[in-house]
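# Using only what follows, build the 3D model:
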Amino acid sequence: MMDVLHKSSNNEGGSRPKGRLAVNTALNLLGQLLPLITGIVAMPFIVRGLGQERFGVLGIVWVVFGYFALFDLGLGRATTKFLAEYLAEERVSEIPRFVWSSLALQVVFGIAAAAVLVAVTPTLVRLLRVPTSLVEETKVTLWILGAALPVVLVANGLRAVLEGCQRFDLTNILKIPGNALVFVIPAMALPFGLKLPAVVLLLLISRLGLVLAHLILCLKVLPTLRHGFVLESRSVIPLLTYGGWVTVASVVNPVLIYLDRFLIAYFLSVSMVGYYTAPFESVTRLWIIPASLATTIFPACSTLGVSQKDQLGYLYSRSMKYLFVILAPITLLIVVFAREIITFWLGAGFAVKSSAVLQILALGVFFNSFAHIPYSFLQALGRPDAPAKLLLAELPIYGFSAWLLIYRFGIVGAASAWSIRVALESLVLCFLAWKLFTFSPLFSAGGVRVSTGALIGVSFVAGCTILLFGSFWAQIGAATVWILCFAIACWRFAFDDSDRASVLSVVNPLLSLLRSRGAA
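Next up, the predicted model:
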């Protein structure tokens, strides 16, 4: 796609190779996809081996593991940002005390959070209504989980150091097996008769191994860390100030995502939550595409800094463009074939209630994917308060609108309220990026490309609406024609010479291979 420019210091020049946005994004995408596939394969074995009740407890363990990052109070994100800036400004001598101070804070927060989890475990077990036969086993499991918390936070902090150096090859070499082990360890431990405490203990041991591996790689990438184990109080204040706003956003965002499920259960029924949750959880997996891109561009933006407006604008517009080009056809297919997808996956009865929900949510996910780019830019360029304040402002407005639409229209109303909210959120974040940093709100500032992008967007929505009234084969034919027209329009108007060269560099070898096999 494009080369991300790096400024290498003399001391660390060998540790930060020039990377491409496409390569780093692909690595981050693999880092999320492969563990997800592992989980899908391992899940049936885990469910059968544990039984429903123990699997429910393990599910809670997974949730806690997934949200451990909240306990770092945004320090991981802050570490990535400030380290990228230090490297860009060649302030190598300041890196050791900054990194070690950040990791020391991670340890402190991890120990404090572990103490809280251990203290509330008896109450938590009662609130979760754990069966009497599993009470003691669940308590021991949660206590071991608490002990794992500082370890997980330190691993996250060390990964943030590698991300600040833009070494996504190394982070994903460790992330893929690390996240896969969350599923592999329970699946492999159960045949040996191990209970939940032993499974979680093995997960803790695996996390200790990840910490050691991350530490070795950090010392290799940043040799200066070996010579300056220093803790400094003045490094703490900017970390906590920046991380505080990141934490606010991290806490509020899950509430905005999952609030509708509680409202559905309250106004409708728990069974209707299932009809809503299944399409929601499936279609939001598309977020791994913008999330992988956002993870890549965050340290790149921090490296460039606010002064590099031209390069930042270039990175911003191309990121938005590539998301549009990748996600528009995928979203079209989901919207057009929603009923067929749900029927094949969950049955015709499920499709009656969930097809419209999937269509509306797919559009919401599509528009919300563009929010990842300005969100990352705002955080990387020193304005983490802007998206955090926006999310706080959304909470009461969305709560009221979701309540009203769910009460009137059921789960279709829930999908509509959520999709409208995230679409407006994307628009506001794009506006903030334009207002604060003069980034173009669309994927190109050129009049022709903006007009073309708008035309493609309108034809996308109109095409989806029209296709829904046709037969299945008519839908396939019309969708194929639309995708071909979309590809031609992107090639002709949205892509520039470097984009076309990148595509041809991938396509030409494949065509040559096919020709050679055809000739043989």
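
# contacts and neighbour counts: CA atoms only from here.
OK.

# Sketch out the strands for the stretch 101-250 of the chain, chain order is fine.
Assigned strands in the stretch 101-250 of the chain: none (criterion: DSSP state E, counting those that start in this stretch).

# Show me what the longest helix seen in the chain is packed against.
With DSSP state H setting the assignment, residue counts place helix 385-437 as the longest helix in the chain. Secondary-structure packing of helix 385-437 (3 or more Cα pairs under 8 Å, 6 or more residues apart in numbering; DSSP states H and E): helix 236-267, helix 270-283, helix 348-369, helix 372-380.

# Throw those into JSON lines and include distance to Gly59 and mean pLDDT, thanks.
Listed next are the helices and strands packed on helix 385-437 as JSON lines, based on distance: least, Cα to Cα, whole Å; pLDDT from 0 to 100:
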{"stretch": "helix 236-267", "distance to Gly59": "17", "mean pLDDT": "81"}
{"stretch": "helix 270-283", "distance to Gly59": "15", "mean pLDDT": "79"}
{"stretch": "helix 348-369", "distance to Gly59": "24", "mean pLDDT": "89"}
{"stretch": "helix 372-380", "distance to Gly59": "28", "mean pLDDT": "89"}
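
# Quick one, which of the ones you listed gets closest to Pro299.
Between Pro299 and the helices and strands packed on helix 385-437, the shortest gap by Cα to Cα is with helix 372-380, which sits at 7.1 Å.

# Okay, angle between the closest one and helix 385-437 too, please.
100 degrees (axes from the mean of the first three to the mean of the last three Cα atoms, to 10 degrees).

# Could you name the helices and strands sitting against helix 372-380?
Going by 3+ Cα pairs under 8 Å, 6+ apart, helix 372-380 lies up against helix 288-304, helix 309-336, helix 385-437.

# what's it in contact with?
Residues outside helix 372-380 that contact it (Cα atoms under 8 Å, 6 or more residues apart in numbering): 81, 290-291, 294-295, 297-299, 301-302, 316, 319-320, 384-387, 429-430, 432-433.

# Tell me, how many residues neighbour Asn156?
With neighbours defined by other Cα atoms under 10 Å, the count for Asn156 comes to 22.

# Pull stretch 34-43 out as CSV, backbone CA atoms only.
Once side chains and other backbone atoms are set aside, the C-alpha atoms of stretch 34-43 remain, and they are given as CSV (Å, rounded to 0.1, in the frame of the first residue of the first chain):
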residue,chain,number,x,y,z
LEU,A,34,-5.7,-17.6,13.7
PRO,A,35,-6.6,-17.7,17.4
LEU,A,36,-10.3,-17.2,16.5
ILE,A,37,-10.2,-20.2,14.1
THR,A,38,-8.4,-22.2,16.9
GLY,A,39,-11.2,-21.3,19.3
ILE,A,40,-13.9,-22.4,16.8
VAL,A,41,-12.2,-25.8,16.3
ALA,A,42,-11.5,-26.4,20.0
MET,A,43,-14.8,-25.2,21.4
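
# to the chain's geometric centre, what's the distance from that stretch?
Averaged C-alpha coordinates place stretch 34-43 at 17 Å from its chain's average position (Cα atoms, centre = their mean, to the nearest Å).

# Report the buried residues of that stretch.
Taking 16 or more other Cα atoms under 10 Å as the neighbour-count basis, stretch 34-43 is seen to contain the buried residues Leu34, Pro35, Leu36, Thr38, Gly39, Ala42, Met43.

# Just give me the neighbour total for the residue nearest to the second one when sequence neighbours are not counted.
Pointing back at Pro35 there. In space, Pro35 comes closest to Ala180 once its chain neighbours are excluded; the distance is 4.5 Å by Cα to Cα, 6 or more residues apart in numbering. In terms of burial, Ala180 registers 19 neighbours under the definition other Cα under 10 Å.

# How about the contacts made by Ala180?
Neighbours of Ala180 in contact, by Cα under 8 Å, 6+ apart: Leu34, Pro35, Leu36, Thr38, Gly39.

# follow-up on the earlier one: out of the buried residues of stretch 34-43, which comes closest to His214?
The shortest separation between His214 and any of the buried residues of stretch 34-43 is 18.4 Å, and it belongs to Pro35 (by Cα to Cα).

# Is the closest one within a helix or a strand, and which one?
Secondary structure assignment for Pro35, by DSSP states H and E: helix 21-66.

# need the next SSE after that helix, C-terminal direction.
Next along the chain after helix 21-66, taking DSSP H and E as the criterion, comes helix 75-88.

# How far away from the center of its chain is that next one?
Once both centres are worked out by Cα atoms, centre = their mean, helix 75-88 turns out to sit 19 Å from its chain's centre.

# packing partners for that helix?
Contact here means 3+ Cα pairs under 8 Å, 6+ apart; on that basis helix 75-88 packs against helix 95-127, helix 135-164, helix 236-267, helix 288-304.

# Next, the angle helix 372-380 makes with it.
Compare the direction of helix 75-88 with that of helix 372-380 by the same axes, to 10 degrees and you get 70 degrees.

# Show residues contacting helix 75-88.
When contacts are taken as Cα under 8 Å, 6+ apart, the neighbours of helix 75-88 outside the stretch itself are 6-9, 92, 94-95, 99, 102, 106, 156-157, 160-165, 239-240, 242-243, 246, 298-300, 302-305, 380.

# pull the CA atoms of it into CSV?
Listed in CSV are the C-alpha atoms of helix 75-88, where the atom choice follows Å, rounded to 0.1, in the frame of the first residue of the first chain:
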residue,chain,number,x,y,z
LEU,A,75,-0.8,2.6,30.1
GLY,A,76,-0.3,0.2,27.2
ARG,A,77,-1.6,2.7,24.7
ALA,A,78,0.3,5.5,26.3
THR,A,79,3.5,3.4,26.2
THR,A,80,3.2,2.8,22.5
LYS,A,81,2.5,6.4,21.7
PHE,A,82,5.3,8.0,23.8
LEU,A,83,7.9,5.4,22.8
ALA,A,84,7.2,6.0,19.1
GLU,A,85,7.6,9.7,19.7
TYR,A,86,10.9,9.2,21.6
LEU,A,87,12.3,7.1,18.8
ALA,A,88,11.2,9.6,16.1
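
# ok so, going back, save the helices and strands packed on helix 385-437 as CSV, and put in distance to Arg226 and mean neighbour count too.
Compiled in CSV, those are given as follows (distance: least, Cα to Cα, whole Å; neighbours: other Cα atoms under 10 Å):
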stretch, distance to Arg226, mean neighbour count
helix 236-267, 20, 18
helix 270-283, 44, 17
helix 348-369, 40, 22
helix 372-380, 27, 24
